[in-house]
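A.B. asks: All I have is the shape, not the residue letters:
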């Protein structure tokens with residue numbers, strides 16, 4: 001009789017533990033609309049060769065000259081799953097190096113993107129209520145890769161912009177041929 005009672009208690013406990021484990025490992029959800037962009041440090045002109053999220057979609061490549069933690073060269077996305085990783089490659093002609101690397105994106109970014117705060121326009125005092133999530137990929141001078149989530153493209157003319165770091169890493173490099 002004691003074993004039957006114990007069995008009735010352990011099976012539901014195991015089921016709950018498995019459900020919690022799977023929820024912790026689950027993928028992120030879809031975002032109705034967001035913008036993804038790239039930036040680099042001022043004075044660090046680079047040529048973006050590829051920025052690809054989850055091996056499925058990306059940001060068009062090209063010249064990137066500014067601004068770290070701001071959304072330059074952007075792409076708008078509708079009804080897209082919030083990404084879990086980004087792979088980047090860029091050319092730094094001044095060093096004759098091709099940098100490349102991959103960074104995991106914190107899954108908490110999905111919930112943050114759904115709940116970004118409002119900000120205020122400095123010039124008018126108006127509170128912006130139509131908040132767009134911006135996912136920004138930063139490529140640093142010596143190969144740093146950063147992933148940020150923000151509620152505004154930049155700080156210009158805004159009070160209340162937030163910047164959440166969702167991932168970082170160090171790119172490898174090879175000589176350009």
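C.D. replies: Great, that's in hand. Source: prediction; values computed, not measured.

A.B. asks: Tell me how many other residues crowd residue 71.
C.D. replies: 23 (other CB atoms under 10 Å). Where you see a C-beta, it was placed from the backbone N, CA and C, and this is true even at glycine.

A.B. asks: surely it meets residue 156?
C.D. replies: No: with contacts counted by CB atoms under 8 Å, residue 71 stays clear of residue 156, the gap being 11.5 Å.

A.B. asks: so where is the chain shaky, pLDDT-wise?
C.D. replies: 1-27 (pLDDT under 70).

A.B. asks: residue ranges of the strands in it, please?
C.D. replies: 30-40, 46-53, 57-59, 62-64, 72-81, 85-92, 97-104, 119-121, 127-128, 134-139, 144-150, 158-159, 163-170, 172-175 (DSSP state E).

A.B. asks: Next, format the ones you listed as a markdown table and append mean neighbour count and distance to residue 112.
C.D. replies: Below are those laid out as a markdown table (neighbours: other CB atoms under 10 Å; distance: least, CB to CB, whole Å):
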| stretch | mean neighbour count | distance to residue 112 |
| --- | --- | --- |
| strand 30-40 | 19 | 11 |
| strand 46-53 | 18 | 16 |
| strand 57-59 | 19 | 20 |
| strand 62-64 | 14 | 25 |
| strand 72-81 | 15 | 15 |
| strand 85-92 | 20 | 16 |
| strand 97-104 | 18 | 15 |
| strand 119-121 | 17 | 15 |
| strand 127-128 | 14 | 17 |
| strand 134-139 | 25 | 11 |
| strand 144-150 | 22 | 6 |
| strand 158-159 | 14 | 18 |
| strand 163-170 | 16 | 6 |
| strand 172-175 | 12 | 29 |
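
A.B. asks: Could I get the ones you listed in JSON lines, plus columns for distance to residue 113?
C.D. replies: As requested, these are exported to JSON lines (distance: least, CB to CB, whole Å):
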{"stretch": "strand 30-40", "distance to residue 113": "6"}
{"stretch": "strand 46-53", "distance to residue 113": "13"}
{"stretch": "strand 57-59", "distance to residue 113": "16"}
{"stretch": "strand 62-64", "distance to residue 113": "23"}
{"stretch": "strand 72-81", "distance to residue 113": "11"}
{"stretch": "strand 85-92", "distance to residue 113": "15"}
{"stretch": "strand 97-104", "distance to residue 113": "16"}
{"stretch": "strand 119-121", "distance to residue 113": "15"}
{"stretch": "strand 127-128", "distance to residue 113": "16"}
{"stretch": "strand 134-139", "distance to residue 113": "8"}
{"stretch": "strand 144-150", "distance to residue 113": "6"}
{"stretch": "strand 158-159", "distance to residue 113": "18"}
{"stretch": "strand 163-170", "distance to residue 113": "9"}
{"stretch": "strand 172-175", "distance to residue 113": "29"}
